[in-house]
Each structure stands twice: as structure tokens, then as C-alpha cells.
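**Student:** Predicted structure and sequence below. I'll ask about it afterward.
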Amino acid sequence: MRSILVCTLVLFAGACAAAPSHAQNRDPLQMLRNADANDDGVVTRAEFQANRDQIFGRLDRNRDGYVSAADSAGRRLRAGRAAEAMERLTTGFDENGDGRVSRSEFVHGPALLFDQGDVNGDDRIDQAEMRSLREAVEQRRSSR
């Protein structure tokens, strides 16, 4: 259940950064690969967190330092979907329970997809781990 929540949160973050028509086609593993800042085929936790920091910058539309319902105003997503996505984001990342997500909560929050991919716990997802993670995601999708 938690891995599904994280995939949803990752997809939400990507959806807010991209056009809504692409949101449903977003691949969480592609987003992990996009975090590979030096293009060496390995995603480090530091690169993953730096990518989250960039995503946060796009999500915090009113630049108040938090992602909250105020940031979804004017979004092209239907109001119900935006509210649902915000609720999921808050549930997953709002560590102090104030109803909004700070930059630190988002950047350093749950990284379940990364953690699942980092099988050996070295804070890096190499090509072999990425292949294994892709297989696990595809298997999960086909069993639905």
C-alpha cells in the first residue's frame, strides 16, 4: 500500500510539473532517471533529493515556502482531482500535521520508490537495481 502511495505522490509531483494530459502517462522510473543529474546511469539519493527540490519549486506556485491548497488554484486539473492529489501529498509528506508541505518535508520526506530500488542500501540506484525496480513495477501493474 505504501509503495502505491509513493508512486501516486511521485506521479502527482510530475503531473504538477507537466501538462495535465501527460500526467496519467508518467512513468515513476523515468522520473527517477530524470534525477540522474550527471547522466552516469546511477541515481544517488542526493540527486533524487535535488530533483525533488526542483519539483518543489514548481509546485510552490505562490512562493510561500509551502505546497498547499493555495498552490492548486488556477490549475487545469479538475478541482476534485487537484484536491485529491493535494490530500495525498499532504498525507504522505506533512510531517508536522499543519496541512501543508514545506520544502524540507518534501525534499527529505518518504522516498519509498527510491528505497525500494536501492536494494543494497548504498544510497544509489544503479542500472541493475533500476532494471529490477522496473520489473517489480511492471509485475505490480500487470497483477491489477
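**Tutor:** Okay, I see it.

**Student:** Show me where this structure has its helices.
**Tutor:** Using DSSP state H, the helices of the chain run over residues 2-17, 20-23, 28-34, 45-59, 79-93, 103-108, 112-117, 127-142.

**Student:** Mind picking out the helix or strand in the chain with the poorest mean pLDDT?
**Tutor:** helix 20-23 (a mean of 38; mean pLDDT, DSSP states H and E).

**Student:** Run through the chain and note the low-pLDDT ranges.
**Tutor:** Residue ranges of the chain with pLDDT under 70: 1-26, 73-80.

**Student:** Could I get the CA-only coordinates of stretch 133-144 as CSV?
**Tutor:** C-alpha atoms of stretch 133-144 as CSV (Å, rounded to 0.1, in the frame of the first residue of the first chain):
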residue,chain,number,x,y,z
LEU,A,133,12.7,-2.0,-10.0
ARG,A,134,11.2,-1.8,-13.5
GLU,A,135,10.4,-5.5,-13.4
ALA,A,136,8.7,-5.1,-10.0
VAL,A,137,6.6,-2.1,-11.1
GLU,A,138,5.6,-3.9,-14.3
GLN,A,139,4.7,-7.0,-12.4
ARG,A,140,2.6,-4.9,-10.0
ARG,A,141,0.8,-3.2,-12.9
SER,A,142,0.0,-6.5,-14.6
SER,A,143,-1.4,-8.1,-11.5
ARG,A,144,-4.0,-5.3,-11.0
